[in-house]
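Peer 1: turn this into a structure:
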Amino acid sequence: MSISDEDLSKTIEILTDLLSDARYLANDTKAKQAVEKLKQLEANTLTISTSDITTILDEEFKVLVARQQENALKAISTEREEVQKKMLDDVKNAFANMQTVTLHHLDQIVATKMSEIQQVAEKEKKELTEISAKGKQQIEEEIRKGKGVALSEEETETNTKQRELEKYLRDDLVSFYRKYHSTIPVSPLVEEHDVPLLDFYVQPPLSSVDIQKKFGRIQESRTRKQVHNLNDIFLKPDGKIYKDIYITAKAGVGKTSFVNRICMVWCQAHCPQKELENKFKPEEVTVMKSFTCLFMITLRDIDTSLCNVDDMIFNQIIRNLSRFRRYNEIFIEDILQEKDCLL
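Peer 2: Okay, here's the model as predicted:
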């Protein structure tokens, strides 16, 4: 039985809406937990623990060892019966070959056969001990292998899902920025009339000043360097990326338009459109490929009650993406922590 991604997404959405009923399930803890599990399933972050796999392997090998012990006991029991039968046959032969059987002779025969039985019993005990030890060793070895395989497969599957989720996020961000940040107003006084940004944008003169902090003191380079492209803004002379960049200018000069153009360069780097190639310099597109994700937060439009950057990203960007239910807070935190992002 299988289900398509689209049907699964619709089903999860219906169940989420049902379990999120504010009238009847607002205070239902199990409903909230179920909603959280559904979100994890939709985001491909719900995994089966290795302890479950280990338990199954353990039970399976216990059954295997029990079966081996049972077979061994059957074989030993058969061998014991054969020895006892041989002992009786020998006694019968002894009686048949002797005209007179003394008590001493009988004691010798019985002692010999009892010794053989004792040897069989000791052999049985030894074989059972060996089977138990071997079975335990096999269980431990297979559990270790099972854990290794389970962890390896789980890590591979998790990494694959993580890469898929990152691609979905990049695609959604590209669509969002191209829809809402690809135009500029004809005039600050006539904001309702917008035109394509890349057709009318002219970069104003920019100059950079390298500011470094050493021993608690801020040292500012006295020389100003002319900015010709984005490489001059983002890359240090040694090729490393600046961690903090501040753009200052008077109101109305074009800071927002400049940032919108950076968004367009990032979109072209991760989702190129052939008709826009002549709008960007190749080195600008290359440097934008260094950033896994770009999050543009417009502070003048942000909710003043939000003080955390993660909350701002969720409120202004993530909630407006087409697949926003896939991206939970932990996923966004991991992206910001582990990947090179432009904020």
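Peer 1: phi, psi of Ser207?
Peer 2: Backbone geometry at Ser207, expressed as degrees, to the nearest 10, gives phi -140, psi 150.
Peer 1: show me the domain layout of this protein.
Peer 2: 5-42, 50-171 (automatic domain parsing).
Peer 1: and the ones you listed, which one is worst for confidence?
Peer 2: Note on those: domain 50-171 shows the lowest mean pLDDT, a mean of 67.
Peer 1: now Leu41. Nearest residue, chain neighbours left out?
Peer 2: Ile12 (6.4 Å; C-beta to C-beta, 6 or more residues apart in numbering). In short, each C-beta sits where N, CA and C put it, glycine included.
Peer 1: that neighbour: neighbour count?
Peer 2: The number of residues packed near Ile12 is 17, by other C-beta atoms under 10 Å.
Peer 1: just the helices in this structure please.
Peer 2: Along the chain, counting by DSSP state H, helices occupy 5-19, 29-42, 50-97, 103-180, 197-200, 230-234, 255-270, 282-288, 309-316, 329-338.
Peer 1: show me which residues of the last one are buried.
Peer 2: Just to be clear, that refers to helix 329-338. 331-332, 335-336 (16 or more other C-beta atoms under 10 Å).
Peer 1: and for the second one?
Peer 2: Across helix 29-42, burial judged by 16+ other C-beta under 10 Å covers 31, 34-35, 38-39, 42.
Peer 1: contacts for that helix?
Peer 2: By C-beta atoms under 8 Å, 6 or more residues apart in numbering, the residues outside helix 29-42 that reach it are 8-9, 12, 15-16, 19-20, 25, 46, 325-326, 328.
Peer 1: please apply the same query to the first one.
Peer 2: For helix 5-19, the external contacting residues (C-beta under 8 Å, 6+ apart) are 3, 25, 31-32, 34-35, 38-39, 41-42, 325.
Peer 1: could you do the fifth one as well?
Peer 2: Outside helix 197-200, the residues within contact range by C-beta under 8 Å, 6+ apart are 181-184, 257, 260-261, 264, 276, 279.
Peer 1: tell me how many other residues crowd Ala269.
Peer 2: For Ala269, the neighbour count with other C-beta under 10 Å is 20.
Peer 1: how near is the residue lying closest to it once chain neighbours are set aside to Leu336?
Peer 2: Leaving aside its sequence neighbours, Ala269 sits nearest to Met288 (C-beta to C-beta, 6+ apart; 3.8 Å). Relative to Leu336, Met288 is positioned 18 Å away (C-beta to C-beta, to the nearest Å).
Peer 1: who's in contact with Gly239?
Peer 2: Contacts of Gly239 by C-beta under 8 Å, 6+ apart: none found.
Peer 1: ramachandran coordinates for it?
Peer 2: With angles defined as degrees, to the nearest 10, Gly239 sits at phi 90, psi -10.
Peer 1: first vs last residue of stretch 23-35, how far apart are they?
Peer 2: Its start and end residues considered, stretch 23-35 measures 16 Å (C-alpha to C-alpha, to the nearest Å).
Peer 1: ok, back up a step: which of the contacts of helix 29-42 are buried?
Peer 2: Among these, those scoring as buried are 12, 15-16, 19, 25, 325-326, 328 (criterion: 16+ other C-beta under 10 Å).
Peer 1: most widely separated two among the residues you listed?
Peer 2: Pairwise distances across these peak at 22.9 Å for Leu25 and Arg326 (criterion: C-beta to C-beta).
Peer 1: didn't Gln316 look like it was pressed against Val309?
Peer 2: No - using C-beta atoms under 8 Å, Gln316 is not in contact with Val309, being 10.7 Å away.
Peer 1: what is in contact with those two at once?
Peer 2: Ile297.
Peer 1: who has more neighbours out of the two?
Peer 2: Gln316 (18 against 12).
Peer 1: tell me how far the more buried one lies from Val195.
Peer 2: For Gln316, the distance to Val195 - C-beta to C-beta - is 24 Å.
Peer 1: go on, Pro237?
Peer 2: Here Pro237 is placed at a distance of 37 Å from Val195 (C-beta to C-beta).
Peer 1: the two: who's more crowded?
Peer 2: Just comparing Pro237 and Val195: by other C-beta under 10 Å the higher neighbour count belongs to Val195, 12 against 7.
Peer 1: distance of the nearest residue in space to Leu25 that is not next to it in sequence relative to Leu38?
Peer 2: Closest residue to Leu25 apart from its sequence neighbours, by C-beta to C-beta, 6+ apart: Ala31 at 4.2 Å. Noted for Ala31: a distance of 10 Å to Leu38, by C-beta to C-beta.
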